[in-house]
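**Q** Sequence and predicted model, in that order:
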Amino acid sequence: MISHRHTFSKGEKLCTEKIISDIFSRRLTKSAFSFPVLAIWRYQELPTPFPAQILFSVPKKKIKQANQRNRIRRQMREIYRLQKNMLYDSLSLQRLQCAVVIVYNAQESIPFAQLENAFKEVIGKVLATKP
């Protein structure tokens with residue numbers, strides 16, 4: 001297993017509008033849900049050397065207060081930062097790159113442990129699918 005640092009740098013953040021719009025247009029995308037996390041991803045070549053780029057979304061329609069949305073987004077980033085090694089190892093072995101959007105889908109904030117378990121399930125589903 002490759003040793004990774006637990007970081008989340010700028011290059012790992014999905015910010016390219018074209019890639020984001022392609023993912024949300026649902027062309028060639030796959031999705032998985034584990035309450036309260038929805039993952040939408042697409043295997044494609046990315047403009048960075050990282051195996052995956054990721055975007056976190058907490059809809060204003062579901063969580064009204066900005067401070068709660070920011071807290072949930074921070075928690076999701078932290079969980080990803082700690083769990084990304086299994087995603088990176090798998091993608092690197094297959095020589096693939098993947099763009100991932102993670103959408104929080106609950107009406108209220110949930111405990112960190114429950115969010116972490118849902119996140120692990122979703123990442124497992126991403127890894128289980130073939131490009």
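**A** Sure thing, it's come through.

**Q** Please count neighbours and contacts with C-alpha atoms only from this point.
**A** OK.

**Q** Test my guess that residue 97 contacts residue 46.
**A** Yes: contact status for residue 97 versus residue 46: in contact at 6.4 Å, counting by CA atoms under 8 Å.

**Q** Report the set of residues contacting both of those two.
**A** Here residue 97 and residue 46 have residue 52 as joint contacts, going by CA atoms under 8 Å, 6 or more residues apart in numbering.

**Q** Looking at the two now, which is surrounded by more residues?
**A** More crowded of residue 97 and residue 46, by other CA atoms under 10 Å: residue 97, with 21 against 17.

**Q** so what's the spatially most central residue of the chain bridging to?
**A** The structure's the chain has its C-alpha centroid closest to residue 102; by CA atoms, centre = their mean the separation is 4.2 Å. Beta-bridge partners recorded for residue 102 (DSSP bridges): residue 39, residue 56.

**Q** residues in contact with it?
**A** With CA under 8 Å, 6+ apart, residue 102 has these contacts: 37-40, 54-57.

**Q** Just name the closest of those residues to residue 86, please.
**A** The shortest approach to residue 86 among these belongs to residue 54, at 14.5 Å (CA to CA).

**Q** quick one: the helix ranked longest in the chain to chain centroid distance?
**A** As assigned by DSSP state H, the longest helix anywhere in the chain is helix 66-94. In terms of CA atoms, centre = their mean, to the nearest Å, the centre of helix 66-94 is found 6 Å from the chain centre.

**Q** for stretch 27-43, same thing?
**A** Distance, centroid of stretch 27-43 to centroid of chain: 9 Å (CA atoms, centre = their mean).

**Q** How about residues contacting that stretch?
**A** By CA under 8 Å, 6+ apart, stretch 27-43 touches 23, 96-106, 115, 118-119, 121-122, 125-126, 131.

**Q** Give me the buried positions along it.
**A** 29-43 (16 or more other CA atoms under 10 Å).

**Q** Which secondary structure state does residue 31 sit in?
**A** Three-state call for residue 31 (DSSP: H, G, I helix; E, B strand; the rest coil): strand.

**Q** What does the pLDDT read for it?
**A** Note on residue 31: pLDDT of 94.
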